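Trainee: With the sequence up front, the predicted model follows.
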Amino acid sequence: MSSLNPFFEQMKKKDLKPKAIQKTSSGSSSHKVTSVRKVRKDKQHDIKFPVDYVMKVKLRTLCKTLNPIYKQKTGKPLTQTACNTLLLRFGLIKRKDVDYNIPYTDTKEYMHTYLLETEYGERGGLHEVAILKDMSDRRVAYCMIHHTIARLERGGSIEEIL
């Protein structure tokens with residue numbers, strides 16, 4: 001059954017699929033330019049990694065130890081997530097030294113890290129390492145953070161991480 005109003009007839013014929021967000025210029029019709037919206041430079045990628053009770057205590061103690069030094073350098077307090085992110089970034093720098101064969105168990109209790117999207121997806125980033133090692137992002141983050149903690153326990157410098 002067709003509508004009496006031609007406006008509604010045109011609405012039925014249009015394909016109403018969602019499209020990518022595009023910006024069009026408001027110039028003349030001959031100079032139509034469309035561009036896809038840019039992604040923010042400071043966009044972060046949340047990575048959860050499993051922790052057991054002992055590891056959680058070690059990470060929290062390390063965060064409290066690093067807080068005064070971090071506050072002196074940046075003027076901001078160090079949160080647990082920011083501390084975990086610093087440890088993961090250090091692990092990414094030293095990724096060739098990391099032992100990826102350590103036992104990994106999913107404890108269903110997680111801590112978070114927020115890597116920048118550029119650090120996560122770039123060449124040599126966490127996602128590429130996960131693909132090369134044929135592991136999940138969580139497992140790679142788990143191995144890198146364990147390696148960094150073990151390095152600090154063996155006498156590594158805290159200043160390297162900051």
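Mentor: Perfect, I can see it now. All figures in this text were calculated on a predicted structure; none of them were measured in a lab.

Trainee: hey, let's count contacts and neighbours off CA atoms from now on
Mentor: Fine.

Trainee: what's the longest helix in the protein?
Mentor: helix 53-74 (DSSP state H).

Trainee: tell me which element the closest residue to residue 104 other than its chain neighbours falls in.
Mentor: Nearest residue to residue 104 in three dimensions, chain neighbours excluded: residue 139, at 7.0 Å (Cα to Cα, 6 or more residues apart in numbering). Counting by DSSP states H and E, the element that carries residue 139 is helix 137-153.

Trainee: What lies in contact with that helix?
Mentor: For helix 137-153, the external contacting residues (Cα atoms under 8 Å, 6 or more residues apart in numbering) are 47-50, 84, 87-88, 90-92, 95, 98-100, 102, 104, 126-127, 129-130, 158.

Trainee: For the spatially most central residue of the chain, which three-state class applies?
Mentor: Central residue of the chain (Cα atoms, centre = their mean): residue 45, 2.1 Å from the mean position. Recorded secondary structure, residue 45: strand (DSSP: H, G, I helix; E, B strand; the rest coil).

Trainee: Can you give me the domain assignment for the chain?
Mentor: The chain resolves into domains spanning 6-36, 44-161 when parsed by automatic domain parsing.

Trainee: and those, which is most packed in?
Mentor: Mean neighbours per residue, mean count of other Cα atoms under 10 Å, is largest over those for domain 44-161, with a mean of 16.

Trainee: can you give me how far it is from the chain middle?
Mentor: Relative to its chain's centre, domain 44-161 lies at 12 Å (Cα atoms, centre = their mean, to the nearest Å).

Trainee: and the gap between the residue nearest to residue 104 and residue 51?
Mentor: 11 Å (Cα to Cα, to the nearest Å).

Trainee: can you check residue 36 too?
Mentor: From residue 36 to residue 51 the distance is 39 Å (Cα to Cα).

Trainee: for the protein, what helix or strand is lowest in average pLDDT?
Mentor: In the chain, the helix or strand scored least confidently by mean pLDDT, DSSP states H and E is strand 22-24, which has a mean of 56.

Trainee: Pretty sure residue 87 sits against residue 161.
Mentor: Yes - between residue 87 and residue 161 there is a contact at 6.6 Å, judged by Cα atoms under 8 Å.

Trainee: per-residue pLDDT, the residue lying closest to residue 77 once chain neighbours are set aside?
Mentor: Nearest residue to residue 77, sequence neighbours excluded (Cα to Cα, 6+ apart): residue 71, at 5.2 Å. Looking at residue 71, its pLDDT is 91.
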